[in-house]
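>>> the following block contains a protein sequence and its predicted model.
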Amino acid sequence: MSDKIMSIDSIHELAKTTLMKFGADAENAGAVADTITMAERDGCVSHGLFRLAGYVATLKSGKVDGKARPKINTLAPAVVQVDGKNCFAPHALKAGRPALIEATKTCGIAVMPMIRVHHFAALWPDLEGICDEGLAAFACVNYKPSVIPAGGKKALYGTNPIAFGWPRPGKKPMIFDMATSVMARGEVAVAARDGHAISDGVGVDADGNPTSDPNEILKGALLAFGGYKGSSISMMVELLSAAMIGESFSFEAAVRDNNDGGPPQGGQFLFAMDPTLVRGDEDWSNHAEGFFDKIYEQDGTRLPGDRRYSNRAKHEKDGVSVSNIVLDKIRSL
Ligand code: NDP
């Protein structure tokens with residue numbers, strides 16, 4: 001079945017109207033549609049329209065409030081808490097971002113804990129608007145257990161992505177954004193569907209034994225990247241997204257979740273830094289650009305985000321090729 005070429009605007013329209021059909025108001029639907037559209041535009045297909053069915057499932061089950069109005073609580077001059085009141089995370093982020101940027105430009109560093117939100121997306125869209133203000137930023141989020149702690153046998157951590165963005169005045173920011181599991185669970189599911197074995201070191205079976213059979217991994221769990229080192233980073237994400245901000249660890253979110261196919265309620269941790277205030281002068285940009293030049297000097301290198309930005313340029317010009325399987329699924333909702 002061939003794919004359909006869609007303009008960026010028509011992707012946004014499809015996402016927004018679909019969410020509104022299932023009870024989200026224009027503000028909530030618009031924020032999620034922005035995130036979905038950014039993913040399609042940058043070629044991150046797994047977090048684009050493909051996710052719409054999951055978002056709709058949570059509206060249908062009542063787990064997410066599609067009409068929520070997030071509340072900003074300034075807990076300290078540099079702590080801008082956003083209580084999403086059970087909205088989708090992009091709406092909470094959009095509501096809190098101006099206050100976070102202002103606090104960062106005043107204090108040099110500010111934290112934005114987001115509570116009672118539902119995160120189902122890539123993290124880089126959460127950082128780009130902050131980096132465009134000349135700020136560096138970090139974000140992480142947990143989910144439900146699917147990764148074992150190093151040495152263990154049972155899933156406890158989420159796939160727990162982390163993202164870090166560095167501003168590049170006059171250019172698009174450098175943002176890396178990665179799961180802390182060796183492989184995304186979705187990719188394991190695709191290998192199982194297509195009957196492919198996957199590399200050793202990706203996951204374990206239900207008894208905690210290493211396996212390269214994707215079907216067994218789906219019954220078992222994934223491993224963190226980089227052995228015990230990645231496992232510690234995943235543990236850090238749990239601490240920042242739960243104990244630090246008064247939200248749920250992945251195992252706690254799973255207990256409460258209704259398993260409707262969409263994201264559980266949980267927290268997201270984000271902070272931003274103003275390099276001019278932290279460093280004390282404006283030279284940070286030239287200094288960093290010289291460093292990036294050193295990376296590019298070596299054949300075979302690129303900066304994280306370069307692939308996305310080149311997809312963006314192409315898709316903004318030619319439109320995005322969207323799978324008809326995904327479109328049929330949306331039509332059937
Ligand atoms: P990838 O392994 O595809 O990429 C991770 C990062 O590495 C990206 O920033 C990518 O940049 C960069 N990169 C890739 N290759 C190179 C290279 N050769 N040189 C320099 N940089 C490189 O991502 P993951 O599969 O780990 O994660 C995919 C997405 O899934 C993320 O956006 C993540 O936030 C999301 N996710 C969300 C979860 C949630 O619960 N909300 C859970 C898990 C994942 P580029 O994009 O330009 O290729």
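Good, I have the coordinates. Because the structure is a prediction, the values reported are computed rather than measured.

>>> can you pull the contacts of whichever residue of the stretch 1-150 of the chain sits closest to the ligand?
Of all residues in the stretch 1-150 of the chain, the one sitting closest to the ligand is residue 122 (3.1 Å; Cβ to the nearest ligand atom). (Each C-beta comes from the backbone N, C-alpha and C, glycine too.) Neighbouring residues of residue 122 by Cβ atoms under 8 Å, 6 or more residues apart in numbering: 35, 39, 44, 47, 161, 177.

>>> strands of the protein, residue ranges please.
Along the chain, the segments classed as strands by DSSP state E run 4-6, 71-76, 79-88, 109-111, 114-118, 136-141, 162-166, 174-178, 203-204, 210-211, 221-222, 266-273, 320-322.

>>> where do the helices sit along this protein?
With DSSP state H, the ranges of helices along the chain come out as 8-21, 26-41, 52-61, 89-107, 124-131, 185-194, 214-219, 227-238, 250-256, 275-279, 284-296, 306-318, 324-331.

>>> adding mean pLDDT, distance to the ligand and mean neighbour count, write these out as JSON lines.
Output for the helices of the chain, formatted as JSON lines (pLDDT from 0 to 100; distance: least, Cβ to the nearest ligand atom, whole Å; neighbours: other Cβ atoms under 10 Å):
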{"stretch": "helix 8-21", "mean pLDDT": "98", "distance to the ligand": "17", "mean neighbour count": "18"}
{"stretch": "helix 26-41", "mean pLDDT": "98", "distance to the ligand": "8", "mean neighbour count": "23"}
{"stretch": "helix 52-61", "mean pLDDT": "97", "distance to the ligand": "11", "mean neighbour count": "20"}
{"stretch": "helix 89-107", "mean pLDDT": "98", "distance to the ligand": "8", "mean neighbour count": "22"}
{"stretch": "helix 124-131", "mean pLDDT": "98", "distance to the ligand": "6", "mean neighbour count": "23"}
{"stretch": "helix 185-194", "mean pLDDT": "84", "distance to the ligand": "7", "mean neighbour count": "15"}
{"stretch": "helix 214-219", "mean pLDDT": "94", "distance to the ligand": "15", "mean neighbour count": "19"}
{"stretch": "helix 227-238", "mean pLDDT": "98", "distance to the ligand": "10", "mean neighbour count": "18"}
{"stretch": "helix 250-256", "mean pLDDT": "97", "distance to the ligand": "10", "mean neighbour count": "17"}
{"stretch": "helix 275-279", "mean pLDDT": "98", "distance to the ligand": "20", "mean neighbour count": "15"}
{"stretch": "helix 284-296", "mean pLDDT": "98", "distance to the ligand": "9", "mean neighbour count": "12"}
{"stretch": "helix 306-318", "mean pLDDT": "98", "distance to the ligand": "3", "mean neighbour count": "14"}
{"stretch": "helix 324-331", "mean pLDDT": "94", "distance to the ligand": "17", "mean neighbour count": "14"}
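
>>> gap between residue 32 and residue 52?
Separation of residue 32 from residue 52 (Cβ to Cβ, to the nearest Å) stands at 9 Å.

>>> scratch that, residue 90 is what I was asking about
From residue 90 to residue 52 the distance is 13 Å (Cβ to Cβ).

>>> give me the common contacts of residue 32 and residue 52.
15, 19.

>>> which non-adjacent residue is nearest residue 188?
What sits nearest to residue 188 in space, not counting adjacent residues and going by Cβ to Cβ, 6 or more residues apart in numbering, is residue 214, at 4.8 Å.

>>> for that neighbour, list the residues it contacts.
With Cβ under 8 Å, 6+ apart, residue 214 has these contacts: 188-189, 191-192, 196-198.

>>> give me that answer again for 10 Å
Residues counted as contacts of residue 214 (Cβ atoms under 10 Å, 6 or more residues apart in numbering) are 183, 187-198, 202-203.

>>> list the contacts of stretch 182-199.
So stretch 182-199 is contacted by 46-47, 50, 143, 146-147, 158-159, 161, 178-179, 181, 201-203, 211-218, 221-227, 230 (Cβ under 10 Å, 6+ apart).

>>> how about a cut-off of 6 Å?
Contact partners of stretch 182-199, identified using Cβ atoms under 6 Å, 6 or more residues apart in numbering, comprise 46, 146, 202, 212, 214-215, 217-218, 223, 225.

>>> same check, this time on stretch 221-228
Outside stretch 221-228, the residues within contact range by Cβ under 6 Å, 6+ apart are 146-148, 150, 155, 180-182, 203-204, 230-231, 234.

>>> same thing but at 8 Å, please
Residues contacting stretch 221-228 (Cβ under 8 Å, 6+ apart): 145-148, 150-151, 154-155, 157, 159, 178-183, 185, 188, 201-204, 208, 230-231, 233-234.

>>> what about that stretch, start to end distance?
When the termini of stretch 221-228 are compared using Cα to Cα, to the nearest Å, they are 15 Å apart.

>>> please apply the same query to stretch 18-26.
Start-to-end span of stretch 18-26 (Cα to Cα) is 11 Å.

>>> stretch 312-329 now?
25 Å.

>>> repeat that for stretch 214-225.
With Cα to Cα applied, stretch 214-225 spans 17 Å between its terminal residues.

>>> could you dump the strands of the chain into TSV and include distance to residue 21, mean neighbour count and mean pLDDT?
Formatted as TSV, the strands of the chain follow (distance: least, Cβ to Cβ, whole Å; neighbours: other Cβ atoms under 10 Å; pLDDT from 0 to 100):
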stretch	distance to residue 21	mean neighbour count	mean pLDDT
strand 4-6	18	15	97
strand 71-76	27	13	98
strand 79-88	15	23	98
strand 109-111	36	21	98
strand 114-118	18	26	98
strand 136-141	27	25	98
strand 162-166	31	22	98
strand 174-178	30	20	97
strand 203-204	37	25	95
strand 210-211	42	16	94
strand 221-222	34	24	96
strand 266-273	26	25	98
strand 320-322	19	20	96
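
>>> this completes my enquiry, with thanks.
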